[in-house]
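Participant: here is my input; please provide its structure:
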Amino acid sequence: MNITELLKNAKRIVICGIGNENRGDDAFGVVVAERLKKILQKPGIIVINCGEVPESYTGVIKRHRPDVVVFIDAIEFGGKPGEIVTADPEGTLGSAASTHSLPLRVLVQYLKTELKDTEFILIGCQPKSTALFGEMSGEIKKSAEELVKMLVDSLEG
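Facilitator: Predicted coordinates for the structure are as follows:
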């Protein structure tokens, strides 16, 4: 799955940053979303900071009728801290260790019943530490900035 091409060809995109800012590296998705909100000014793109409850934003996602929905989250997949992986959110990574209550794969299954032609992508980052009230690690901050740059280049290029 070439995410760059998929994003360049999509007219309507929803980007959902998922995570908890009080749990160190788990803030990855929300940090990326907040940076993108400040940078991206392209019609047809909605960026949502979903926090720990992406299921609360299904109405916003459905109303936008997107071609592509991108979920960004810190995912425990056994990689090196800061390593980025792109996956199908209905696959094994959609069930990976996370702090949000509803598994991402369940949310995507629901959205697919409403949005038949929409593509769904999960961009995950391997956290170093998700300790309560911990600081975001340097590796994850660096990966967040690199991902923001890649997404901006893909969406505005």
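
Participant: looking at this protein, which residue reaches furthest from the middle?
Facilitator: Distance to the chain centre peaks in the chain at residue 133, reaching 21.5 Å (criterion: CA atoms, centre = their mean).

Participant: and the lengthiest helix in the chain, what does it pack onto?
Facilitator: Using DSSP state H to define each element, the chain has its longest helix at helix 138-156. Judged by 3 or more CB pairs under 8 Å, 6 or more residues apart in numbering; DSSP states H and E, helix 138-156 is in contact with helix 3-9, helix 28-39, strand 68-74, strand 84-87, strand 119-125. All C-beta spots, glycine's among them, are computed from the backbone N, C-alpha and C.

Participant: in stretch 142-157, which residues are buried?
Facilitator: 143-144, 147-148, 151, 154-155 (16 or more other CB atoms under 10 Å).

Participant: okay, those in JSON lines with pLDDT and distance to residue 56 next?
Facilitator: Shown next, in JSON lines, are the buried residues of stretch 142-157 (pLDDT from 0 to 100; distance: CB to CB, whole Å):
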{"residue": "143", "pLDDT": "97", "distance to residue 56": "26"}
{"residue": "144", "pLDDT": "97", "distance to residue 56": "23"}
{"residue": "147", "pLDDT": "97", "distance to residue 56": "23"}
{"residue": "148", "pLDDT": "97", "distance to residue 56": "24"}
{"residue": "151", "pLDDT": "96", "distance to residue 56": "23"}
{"residue": "154", "pLDDT": "91", "distance to residue 56": "27"}
{"residue": "155", "pLDDT": "90", "distance to residue 56": "24"}
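
Participant: for stretch 78-90, how far is the first residue from the last?
Facilitator: When the termini of stretch 78-90 are compared using CA to CA, to the nearest Å, they are 18 Å apart.

Participant: contacting residues around it?
Facilitator: Applying CB atoms under 8 Å, 6 or more residues apart in numbering, the contact partners of stretch 78-90 are 1, 3, 25, 71, 75, 77, 93-94, 104-105, 107-109, 120-128, 137, 139-140, 142-143, 146-147.
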